[in-house]
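Visitor: coordinates only, sequence not included:
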């Protein structure tokens with residue numbers, strides 16, 4: 001159990017180090033403390049905090065820096081989100097102030113804005129796509145037994161893929177199959193559409209197709225792509241930091257990690273709180289031992305929940321970042337809500 005004075009000193013060490021990036025010595029700390037104590041007292045308290053494993057020396061003659069344990073204690077007990085700077089708020093509002101034709105454009109833009117504001121790597125995930133509803137499906141002939149499958153959902157997403165059509169699927173049969181899909185499935189959530197594909201839809205299709213497998217493969221693949229989570233990442237170059245990346249091989253591995261949707265999904269996980277910070281060993285990969293991940297969820301009502309995150313060094317200024325993410329997620333949710341409202345008015 002820390003004393004009140006130790007709590008103040010630990011909080012000040014974290015603040016000074018995350019703002020300057022320089023180890024904090026007792027003299028500098030003494031000048032910044034909001035209370036009057038002697039230099040001997042400050043040195044003694046720093047020794048006690050070091051004995052507890054909350055701060056550490058970087059080398060023999062240096063000041064102290066927070067340890068991972070110290071950051072964890074700070075985040076669990078001491079951190080206070082900062083108010084967002086008026087300039088940052090203006091940048092967020094201005095950057096979002098444009099027309100969007102698809103929800104994914106808003107999500108991608110959010111990662112770009114967040115990375116620009118923080119100089120860290122930003123990750124954005126839109127509201128649950130499986131709750132989106134199917135509004136249409138069609139096949140566009142391209143010649144040479146190729147078609148473009150186009151699937152549209154009510155959130156403005158348009159998914160398309162090119163397929164080779166089995167020769168036994170003639171154009172007339174395909175048109176009838178497409179009509180069944182649109183008659184039976186339009187208006188259903190993508191989750192329910194997937195369920196129907198495994199229940200009665202194959203049987204309905206056998207009325208017009210000798211074997212529905214080829215057609216179901218086409219529709220199922222484009223449906224799966226439309227329903228999968230899409231992470232948007234911006235600011236990958238910000239990973240290049242001497243405090244976090246030691247060599248080119250590590251950087252390549254980090255790039256590979258954040259380029260894979262499945263790896264990102266494991267990294268993000270399911271946050272327990274609306275804003276959550278995980279440090280080093282608490283993350284899923286040894287590559288991230290010198291990193292922190294701040295995740296924040298946002299709520300768009302009936303359209304589900306999404307997520308934004310910042311990946312940066314353990315020494316990031318948490319008060320500012322948490323305060324910024326708290327405001328940013330509200331602005332993002334507002335923009336997405338406006339998008340859905342506008343579409344409903346069309």
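Guide: Received the coordinates, thanks. Here the structure is a predicted model, which means the values were calculated and not measured. Residues are numbered from 1 along each chain as shown.
Visitor: in contact with residue 35, which residues are there?
Guide: 5, 8 (Cβ atoms under 8 Å, 6 or more residues apart in numbering). (Each C-beta comes from the backbone N, C-alpha and C, glycine too.)
Visitor: cool, and residue 62?
Guide: Contacts of residue 62 (Cβ under 8 Å, 6+ apart): 23, 25.
Visitor: and with 10 Å instead?
Guide: The neighbours of residue 62, taking Cβ atoms under 10 Å, 6 or more residues apart in numbering as the test, are 22-25, 56.
Visitor: in strands only, show me the residues you listed.
Guide: Applying DSSP state E to the contacts of residue 62, the entries found in strands are residue 56.
Visitor: and the nearest residue to residue 280 once chain neighbours are set aside, what does it touch?
Guide: By the measure of Cβ to Cβ, 6 or more residues apart in numbering, the closest residue to residue 280 outside its immediate chain neighbours is residue 289, 4.6 Å from it. Residue 289 makes contact with 68, 244, 279-281, 283, 314, according to Cβ under 10 Å, 6+ apart.
Visitor: quick check: the gap between residue 289 and residue 250.
Guide: Between residue 289 and residue 250 the computed distance is 10 Å (Cβ to Cβ, to the nearest Å).
Visitor: anything in contact with each of these two?
Guide: Contacts common to residue 289 and residue 250, judged by Cβ under 10 Å, 6+ apart, are residue 244.
Visitor: quick one: what helix or strand has residue 298 in it?
Guide: Assigned by DSSP states H and E, residue 298 belongs to strand 291-299.
Visitor: buried set for stretch 121-132?
Guide: Neighbour counts over stretch 121-132 (16 or more other Cβ atoms under 10 Å) mark 121-132 as buried.
Visitor: pLDDT check: weakest of the residues you listed?
Guide: When the buried residues of stretch 121-132 are compared by pLDDT, residue 130 scores lowest at 61.
Visitor: am I right that residue 139 sits in a helix?
Guide: No: going by DSSP: H, G, I helix; E, B strand; the rest coil, the assignment for residue 139 is strand, not a helix.
Visitor: among the contacts of residue 62, which one has the most neighbours?
Guide: The most crowded member of the contacts of residue 62, judged by other Cβ atoms under 10 Å, is residue 24 (23 neighbours).
Visitor: three-state assignment of residue 307?
Guide: With three-state DSSP as the basis, residue 307 sits in strand.
Visitor: hey, what's the closest residue to it other than its chain neighbours bridged with?
Guide: Spatial nearest neighbour of residue 307, chain neighbours left out: residue 125 (4.4 Å); criterion: Cβ to Cβ, 6+ apart. Beta-bridge pairing of residue 125 under DSSP bridges involves residue 231, residue 307.
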